[in-house]
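A.B. asks: here you go, sequence then predicted model.
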Amino acid sequence: MNLKAIQAVAEQAALHAGTVLRPLFDQPHEEQTKSNIYDVVTEGDLAAEAAILPLLRDAFPEFGIVSEEGGGFEGSGEYAWHIDPIDGTTNFANNIPFFSVSIALADRQLNPVVGVVYMPILNEMFSAAHGHGATLNGKPIHVSGLGELSRAVMASGFPTTRHTLPEELNNVRHWREMLWRVRDLRRFGSAALDLSYVACGRLDGFWERHIHSWDVLAGICLIREAGGTVTDYAGVVDKAVTGAEVVASNALLHAEMLAVLKR
Ligand code: IPD
């Protein structure tokens, strides 16, 4: 498989989605509720998805498609695209510029081989292909070299189902446990960008449960190519995402993060 060629098409699709989203940003939005009132879709999510899917399908008809807003396609091969046309929909709906387009290609075991996360408002393209490293706007990126948890800046997120989950699963307890041990925490609202920020060293770690493949697979590819570590909460590498949970770090802080998340 020519991963560089696949990566180039994923980047073009993300850039195209950006051109569709920029004029819609900072305008009133049409919003619909999905699974509950905290889970919404806007006209931007649907427009970006409609822009991305034909480009990917035409370029690689053998790949399946798993896309957040329902654009699904089984595909004949071992690989599928996992697409979030807007990761950070709540931000977009509130005209907060921190949102991204996330596109990953992964095998059936959810191992990502290509990952692209594009931030339309700042025009930042995070991009990685397995074995080829990770870049931000074409320049190589690496995770941070920080080894002290007390100086770390990390991010996390809260699931849209949080109101129905106990405190040990809705992230309130883990947020509190981590807050006392690090320099500071951030809740930016786009898991794909949070992971990209770990990949380029702006953040030292990220964790979240109840996430979906389209939120995190591109970011996982970026972090692995940038020298970081991604596992589930038990520290198992292959179980990141398949169990709908992710702990991501610069590698140096991983064991300490897992220890805090065990509490
Ligand atoms: C959400 C964002 C958010 C995370 C949620 C996700 P969406 O994705 O990534 O940061 O905390 O778990 O659902 O709904 O904006 O695509």
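C.D. replies: Noted; the coordinates are in hand.
A.B. asks: packing partners for the helix or strand hosting Asp194?
C.D. replies: Element membership for Asp194 (DSSP states H and E) is helix 191-199. Applying 3 or more C-beta pairs under 8 Å, 6 or more residues apart in numbering; DSSP states H and E, we find helix 191-199 packed against strand 79-87, strand 100-107, strand 112-119, strand 124-129, strand 153-156, strand 205-209, helix 213-225, strand 245-249. In this view, the C-beta of every residue, glycine as well, is placed from N, C-alpha and C.
A.B. asks: contact residues of this protein facing the ligand?
C.D. replies: Counting by C-beta under 6 Å from any ligand atom, the residues of the chain close to the ligand are 68, 84, 87-90, 157-160, 189-191, 208, 211, 215.
A.B. asks: who wins for neighbours among the residues you listed?
C.D. replies: Asp84 (32 neighbours; other C-beta atoms under 10 Å).
A.B. asks: re the thing from before, which residues does the helix holding Asp194 contact?
C.D. replies: If you take C-beta atoms under 8 Å, 6 or more residues apart in numbering as the criterion, helix 191-199 is touched by 84, 87-88, 98-100, 102, 117, 119, 126, 128, 134, 136, 141, 143, 155-157, 186, 188, 203-206, 208, 211, 215-216, 218-220, 222-223, 225-226, 228, 246, 248-250.
A.B. asks: do the same with stretch 57-77
C.D. replies: With contacts defined as C-beta under 8 Å, 6+ apart, stretch 57-77 is touched by 6, 9, 41, 45-46, 49, 52-53, 56, 79-85, 105, 212-215.
A.B. asks: what residues does the closest residue in space to Met154 that isn't next to it in sequence make contact with?
C.D. replies: Among residues not flanking Met154 along the chain, Gly205 sits closest, at 4.2 Å (C-beta to C-beta, 6 or more residues apart in numbering). Gly205 makes contacts with Ala152, Met154, Ala155, Val198, Val247, Ala248, Ser249, Asn250, Leu253, His254, Met257, as judged by C-beta under 8 Å, 6+ apart.
A.B. asks: and for Asn123?
C.D. replies: For Asn123, the contacting residues are Gly18, Asn137, by C-beta under 8 Å, 6+ apart.
A.B. asks: thinking again about what came up before, for the residues of the chain next to the ligand, which one is nearest the ligand?
C.D. replies: Among the residues of the chain next to the ligand, Gly157 lies closest to the ligand (C-beta to the nearest ligand atom), at 2.3 Å.
A.B. asks: so who does the closest one touch?
C.D. replies: Asn171, Arg187, Gly189, Ala191, Asp194, Glu208, Ile211.
A.B. asks: try it again at 7 Å.
C.D. replies: Gly157 sits next to Arg187, Ala191, Glu208 when contact means C-beta atoms under 7 Å, 6 or more residues apart in numbering.
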